[in-house]
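Undergrad: Here is a sequence with its predicted model. Questions after.
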Amino acid sequence: MTGPTGSPVRRAWVFLDTPRSDADPSWRFWAHVTGSRLAPARGDEGEFSTLLPERGEPWVKLQAVADGGGIHLDLDVDDVHEVADLAVGLGAGRVGAIGDSVVLLRSPGGFPFCLTTWRGQRGQAREGLSSILDQACLDVPRSRWEVETGFWSALTGWELRESDEPGFAFLARPPDIPLRVLFQLLGDADGPVRGHVDLACSDRAVDVARHVAAGATVVEERSFWTVMRDPVGRVYCLTDRSPRPPPGR
């Protein structure tokens, strides 16, 4: 079943996956810098939470994991098994399932994602925001670029577009999808697809200072973005992209 745009995806979420020993300081940092509240922990071991924005529906979730860490995507759909079959037909690998409401998969390049049952959430409030965590950037080695970007466009039904910055592309999301998916072409010839989150900032210098005051460190300054490291070592970027982008961006 597809939504009104013809895409099976009703909503997209990004998960910040953090080793359990680092989860508490990481969760508190991300709640602070995004101006969010932490939802009460849930799960058998309190391993899940959500960043609750001041206004509108959430789109960023948190998970404490046994080891590793990074990010993954959740795509809300009407029928997880139907869309999982589509994903596998497009080259994804099925990892497992949780009941009838969640299917765990990996993209052709090895990036983890879940298909989850849509619960009716829509939209995102951007009014008055000077920065917003609204982008998952998939870092793609050269040999995997065409297959990986083609997979995500085919699975979501969203048009793949070249970015203004060379070496980047993105999926043109519908207006009520809060999370943008960006692809960055790496210099690496091969390897697994990785990911990080980006924030759109109306004044990047101000946000760099604000994140540093909260415990982050600057890794590298670039022309359009600043690479940061949060207090527990997660790499992310603050960018000059507008917190209020035009439709399709």
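TA: Done, it's in. Numbers count the residues shown, from 1 in each chain.
Undergrad: give me the beta-bridge partners of residue 162?
TA: residue 169 (DSSP bridges).
Undergrad: so where is the chain shaky, pLDDT-wise?
TA: By pLDDT under 70, the weakly predicted segments of the chain are 1-6, 246-249.
Undergrad: Give me the domain ranges for it.
TA: 11-117, 131-239 (automatic domain parsing).
Undergrad: Residue 179 and residue 90, how far apart?
TA: 20 Å (Cβ to Cβ, to the nearest Å). Where C-beta positions appear, they are placed from N, C-alpha and C, glycine not excepted.
Undergrad: now the longest helix along the chain, how far from the centre of its chain.
TA: Longest helix of the chain, by residue count under DSSP state H: helix 20-33. A distance of 17 Å separates the C-alpha centroid of helix 20-33 from that of its chain, computed with Cα atoms, centre = their mean, to the nearest Å.
Undergrad: and what of stretch 115-127?
TA: Using Cα atoms, centre = their mean, the offset of stretch 115-127 from its chain centre is 14 Å.
Undergrad: Buried residues, it. List them.
TA: By neighbour count with 16 or more other Cβ atoms under 10 Å, stretch 115-127 contains the buried residues 115-116, 118, 121, 124, 126.
Undergrad: Helices along the protein, start to end?
TA: Using DSSP H, helices in the chain cover 20-33, 80-89, 145-156, 204-213.
Undergrad: Just want the angle from the last one to helix 20-33.
TA: If I follow you right, that is helix 204-213. 140 degrees (axes from the mean of the first three to the mean of the last three Cα atoms, to 10 degrees).
Undergrad: helices or strands next to helix 204-213 in the packing?
TA: strand 225-229, strand 235-239 (3 or more Cβ pairs under 8 Å, 6 or more residues apart in numbering; DSSP states H and E).
Undergrad: now do the first one
TA: Counting by 3+ Cβ pairs under 8 Å, 6+ apart, the packing neighbours recorded for helix 20-33 are strand 11-19, strand 37-38, strand 48-52, strand 60-65.
Undergrad: that older thread, got the domains of the chain as TSV, with distance to residue 245 columns?
TA: What follows is these, written out as TSV (distance: least, Cβ to Cβ, whole Å):
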stretch	distance to residue 245
domain 11-117	15
domain 131-239	7
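Undergrad: out of residue 179 and residue 90, which sits in the busier spot?
TA: A count of neighbours by other Cβ atoms under 10 Å puts residue 179 above the other of residue 179 and residue 90, at 21 against 16.
Undergrad: Now do the same contact list for that one.
TA: Contact analysis of residue 179 by Cβ atoms under 8 Å, 6 or more residues apart in numbering lists 12-14, 59, 73, 134-136, 173.
Undergrad: Surely residue 31 touches residue 39?
TA: No - taking Cβ atoms under 8 Å as the definition, residue 31 is not a contact partner of residue 39, at 9.6 Å.
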